[in-house]
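S.K.: Quick one, what's the 3D model for this:
(chains A and B)
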Number of protein chains: 2
Amino acid sequence: MTDEIKQEKYKELMNYWKKSFALGSALTLFSWDTETLAPQDAVDMTSQILGSLSEQAQKASTDPNIGVLLNELGDGEGLSEAQRADIKLIRKEYEDLALIPTEEYVDYTMLQSRAVVIWTKAKKTDSYEAFLPTLKELIAYKKKFAGYKQKDGMSIYDTMLNDFEEGFTTKELDKFFAQLKDTIVPLLKRVVEKNDSIDTEFISRTYPADKQEALSRFFAAYIGFDFNRGVLAQSEHPFTSGFHNHDVRITDHFYENKLDSAIFSALHEGGHGIYEQDIPDELTMTPSGCSMSMGIHESQSRFYENMVGRSEHFWKPLYARLKEAFQKQLEDVSVDKFVRAINKAEPSLIRTESDELTYCLHIMIRYELEKRFIDGDLKPERLADEWRALYKEYLGVEPQTLSEGILQDIHWAQGAFGYFPSYAIGNAIGAQIYHQMRKDLDFDTLLEEERLDVIHEYLRTRVHVYGASKSARDILKELTGEDFNPAYYTEYLKEKYERLYEL
Amino acid sequence: MTDEIKQEKYKELMNYWKKSFALGSALTLFSWDTETLAPQDAVDMTSQILGSLSEQAQKASTDPNIGVLLNELGDGEGLSEAQRADIKLIRKEYEDLALIPTEEYVDYTMLQSRAVVIWTKAKKTDSYEAFLPTLKELIAYKKKFAGYKQKDGMSIYDTMLNDFEEGFTTKELDKFFAQLKDTIVPLLKRVVEKNDSIDTEFISRTYPADKQEALSRFFAAYIGFDFNRGVLAQSEHPFTSGFHNHDVRITDHFYENKLDSAIFSALHEGGHGIYEQDIPDELTMTPSGCSMSMGIHESQSRFYENMVGRSEHFWKPLYARLKEAFQKQLEDVSVDKFVRAINKAEPSLIRTESDELTYCLHIMIRYELEKRFIDGDLKPERLADEWRALYKEYLGVEPQTLSEGILQDIHWAQGAFGYFPSYAIGNAIGAQIYHQMRKDLDFDTLLEEERLDVIHEYLRTRVHVYGASKSARDILKELTGEDFNPAYYTEYLKEKYERLYEL
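M.R.: Now for the predicted structure:
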């Protein structure tokens, strides 16, 4: 095949891909809309529309002509690196989906959209029984789907992990989490003993929602989120969504009695958003511009939330602005007092509201349970109790209700098993990048001089521009000269909390 | 064919229809999102997604299997009335679209999404030249498309009219508009002479946007719009959108120096919204629940905006609420003064801001021009001047800029030719229904007693429940015992304005 014919075939392949991308975008917009705006009674009827769009999307992604073209193109020899990356990503999606019988897939997507509604109600009424049958169905489907594509030497759960983060296995994660546990659990005990020294009472004074919203917009823009190519809306749980590098969407929530929640969500989602906006024009709306590593994604959000947003150097020039917005509420709060409060660590029940030190323990609990109910013999009926037991063991706290226990997260209701670990991987990647960045840049001074653009540019050129055309491990290797190494993360936490608590 | 087989075939046909309905819903959501929320720089890239979705929608609507099934089902003998209505509507859409070569259709939809952007810029820079080439392209496509399906004895413009309002021809509309002109033009002259007697200065005092928004929500709910199955958002021009009877969306805009604009837009869009929410569960998300008559739709919005919203009886129990929201601004304004002000008529340049009396003159100008540049020999190059001349002739005012002249409306940029007349038809239908309603109900007393539910129920059971399963003319005949008769509209205007101005 001449290179010219190969280019033709590649173009043809991309035309098929664009159809399923457009359908995927429609599903993304419906899901954004449901979380941010749609009326409360819409969901049952709208799920019929979603069922049809999913069916058409699956059909488009598994069009037999795609198989023929993939066959003809092979690994894309003679094409550009980016084009070859596209082919690889299309092949993965095609092979995964083509193995699932259409009818099964449609039944599953209808279940998925019902499942979120059922979970929402179950959480409200605090009834695990109301969610259990649906959860069992979801697990059964997802095990079946993973079974279709399971490869030699990989367990079903490994296969699921690979959907979210390629190249990470339970073997590696077991080691990573063991290391985390060994560091954090004893460190947390020492921290808790000295917690009286940090006063956080002022955090729960009354902060009007409209002022919080204005500040969230300010902080997102301050770190580099471009509002000409993005929006911020309100939803129960903050998240990031989008279609291409000119339309990236973040959400935030505003609790009048929590000063920090909206600010750090804005920095977190802003970090995700910057990454998406930095995907180059030639990659956006191609496979390489879409299916980025979850770990890299989370590394960017956690970096901006924690390494940037919780630093005393970040707040030095900015705290006056916060005081101006909340003059009365922060009258007696110095910047030092503020920075200590936003870094306080203590065991808690809710993952999304947990501090930087304990966050990964929440992930570890979910990881251990997933491994056991996917690959092992833990019955879903036993999950609520096991959840309670692990919280007690690792964090020393016990949920009193199911909505602050097993029912707190939406992810399982969305059928996402094997997803949680990518949060921990992201934290570790963020710390590894941060370690290198401190060698290359005068990080603290840049924060104090409000030169966030320099930090942004560092990440843009070394991480963001690649999208999914490079794997997380390759990006790390090129940037730090080293493979994924979670030791930086545990060291970072140890150093930070020993300093903060003068341990 | 047995009735059982017919039911099977009907079901199969509906499955095909549901695919294109889902794609159409996705396009509707993208368009809603673009008007209400999407970031300013998104449009170029997003239009590629829209191009692909439109292409897939057209393919789905013209799937050859639909043709086979329609052939087999004929006119649906042996099926229910609603099912036969579905078949009729699917056949119309199929035949219309199947006649257009796919490539042409795709080129046109891409042009359409670019066209709105080009028009927006042209309007901002006040340059007709910037829009003219695009307008000419749009006209050429639309004439071509109408040509494909033109029937004997119908002109191209008649064919276009039929797309929006079945069964109305230029012959009938010429008569209707002549009647309107003969009544309104002299009436308006007499009105204008006495306009000093109505003081509207207070309308342009300062009314904060957030209070206006709260009132818009109140008024929409007050007339019957259900916020559990609907939302209100903000956009430059108010409009109504939606997916099914459980998700209906209206928008409003808030000008701080115009008290009336947001209120009457909320009542207008609320009227559209109530209609959509009243479509029964068994019709929603079927052809009969979707493609309702534009005239009936507009009759409902104009009815709530004008017959309800501008009535002194409506305001009697409600005006105190308005005064409470704007205590200082309305301190010296009595309910009588307020009601006279919101009914004042005077010649103006902008259709969407015009009063009840002059509104149809704006429509008439567009109708005459469309007829001449579609069926006649008026060159688009001459449109801006002809526009100016007709405004001078009918309304006695002359636009000084193009954005308050030929460039004011979005409709032509959307490729909608033959659409404007349905606004006038809607006003006339509304007046005809109103005439009958006053015979059947004690209308003024119901308004004073805040029994809007009785009026809503009257319309629900006689108009809304049918969706598109009955034509506008059939609905009118059943409700009033008479075919479409625009005399009620001219009589209504004459009686109202002679009374208001004591002529």
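S.K.: centroid residue for chain A?
M.R.: Centroid-nearest residue in chain A: residue A:298, 4.8 Å away (criterion: Cα atoms, centre = their mean).
S.K.: Chain neighbours aside, what residue packs nearest to it?
M.R.: residue A:426 (2.4 Å; Cβ to Cβ, 6 or more residues apart in numbering or on different chains). Any C-beta I mention is one placed from the backbone N, CA and C, and that applies to glycine too.
S.K.: isn't that neighbour right next to residue A:303, touching?
M.R.: No - counting by Cβ atoms under 8 Å, residue A:426 sits too far from residue A:303 to count as a contact (9.1 Å).
S.K.: Might you report the residue contacts of the residue of the stretch 151-300 of chain A found nearest chain B?
M.R.: The nearest approach of the stretch 151-300 of chain A to chain B comes at residue A:247, 3.8 Å away (Cβ to the nearest Cβ). Residue A:247 makes contact with A:229-230, B:38-39, B:41-42, B:45-46, according to Cβ atoms under 8 Å, 6 or more residues apart in numbering or on different chains.
S.K.: can you pick the most crowded of those?
M.R.: Highest neighbour count within those, by other Cβ atoms under 10 Å in any protein chain shown: residue A:230, with 26 neighbours.
S.K.: excluding its backbone neighbours, what's nearest that residue?
M.R.: residue A:248 is the one closest to residue A:230 (Cβ to Cβ, 6+ apart), at 4.4 Å.
S.K.: Pull up the per-residue confidence for that neighbour.
M.R.: On pLDDT, residue A:248 comes in at 98.
S.K.: Tell me, how many residues neighbour it?
M.R.: Neighbours of residue A:248 under the rule other Cβ under 10 Å: 26.
S.K.: That one in helix, strand or coil?
M.R.: When classified by DSSP: H, G, I helix; E, B strand; the rest coil, residue A:248 comes out as strand.
S.K.: downstream neighbour of the one helix or strand residue A:159 maps to in the secondary structure list?
M.R.: Assessed by DSSP states H and E, residue A:159 sits inside helix A:156-164. Per DSSP H and E, the first helix or strand lying C-terminal to helix A:156-164 is helix A:170-193.
S.K.: then that following helix to CSV, C-alphas only?
M.R.: What follows is helix A:170-193 as a C-alpha-only set of coordinates in CSV (Å, rounded to 0.1, in the frame of the first residue of the first chain):
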residue,chain,number,x,y,z
THR,A,170,-3.3,-5.1,41.1
LYS,A,171,0.3,-6.3,41.6
GLU,A,172,1.7,-2.8,41.3
LEU,A,173,-1.2,-1.2,43.1
ASP,A,174,-1.1,-3.6,46.1
LYS,A,175,2.5,-2.5,46.6
PHE,A,176,1.6,1.2,46.2
PHE,A,177,-1.3,1.1,48.7
ALA,A,178,0.7,-1.0,51.2
GLN,A,179,3.4,1.7,51.1
LEU,A,180,0.7,4.4,51.6
LYS,A,181,-0.8,2.6,54.4
ASP,A,182,2.5,2.1,56.2
THR,A,183,3.2,5.8,56.0
ILE,A,184,-0.2,7.4,56.4
VAL,A,185,-1.8,5.4,59.1
PRO,A,186,0.9,6.0,61.8
LEU,A,187,1.4,9.6,60.6
LEU,A,188,-2.3,10.3,60.9
LYS,A,189,-2.2,9.1,64.5
ARG,A,190,0.5,11.5,65.4
VAL,A,191,-1.3,14.3,63.6
VAL,A,192,-4.6,13.7,65.3
GLU,A,193,-2.9,14.0,68.7
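S.K.: by contact count, what packs against it?
M.R.: Contacts defined by 3 or more Cβ pairs under 8 Å, 6 or more residues apart in numbering or on different chains; DSSP states H and E place helix A:170-193 against helix A:156-164, helix A:359-374, helix A:383-395, helix A:421-440, helix A:487-500.
S.K.: Tabulate the ones you listed in CSV, adding columns for mean pLDDT.
M.R.: Output for these, formatted as CSV (pLDDT from 0 to 100):
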stretch, mean pLDDT
helix A:156-164, 95
helix A:359-374, 97
helix A:383-395, 96
helix A:421-440, 98
helix A:487-500, 97
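S.K.: which stretch among these comes nearest residue A:118?
M.R.: Residue A:118 sits nearest to helix A:383-395 of all those, at 15.8 Å, using Cβ to Cβ.
S.K.: Could you give the number of residues near residue A:414?
M.R.: 16.
S.K.: how near is it to chain B?
M.R.: Between residue A:414 and chain B the computed distance is 20 Å (Cβ to the nearest Cβ, to the nearest Å).
S.K.: Quick check: that residue touching residue A:116?
M.R.: Yes - with contacts counted by Cβ under 8 Å, residue A:414 reaches residue A:116, the gap being 6.4 Å.
S.K.: quick one: the helix holding residue A:159 to chain centroid distance?
M.R.: The chain centre lies 16 Å from the centre of helix A:156-164; the measure is Cα atoms, centre = their mean, to the nearest Å.
S.K.: What of stretch A:146-158?
M.R.: On the basis of Cα atoms, centre = their mean, stretch A:146-158 sits 23 Å off its chain's mean C-alpha point.
S.K.: Check stretch A:418-427 too.
M.R.: That offset, for stretch A:418-427, works out to 7 Å (Cα atoms, centre = their mean).
S.K.: Return the alpha-carbon coordinates of that stretch using CSV.
M.R.: Taking Å, rounded to 0.1, in the frame of the first residue of the first chain, the C-alpha atoms of stretch A:418-427 are listed here in CSV:
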residue,chain,number,x,y,z
GLY,A,418,-11.7,-0.1,38.8
TYR,A,419,-12.0,3.7,38.5
PHE,A,420,-11.3,4.8,42.1
PRO,A,421,-7.6,3.7,42.0
SER,A,422,-6.9,6.2,39.3
TYR,A,423,-7.5,8.9,41.9
ALA,A,424,-4.6,7.6,44.0
ILE,A,425,-2.5,7.1,40.9
GLY,A,426,-3.2,10.7,40.0
ASN,A,427,-2.1,12.0,43.4
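S.K.: Contacts for that stretch next, please.
M.R.: Outside stretch A:418-427, the residues touching it (Cβ under 8 Å, 6+ apart) are A:157, A:160-165, A:168, A:173, A:176-177, A:180, A:294-299, A:301-302, A:359-360, A:363-364, A:366-367, A:370, A:374, A:411, A:472, A:484, A:489.
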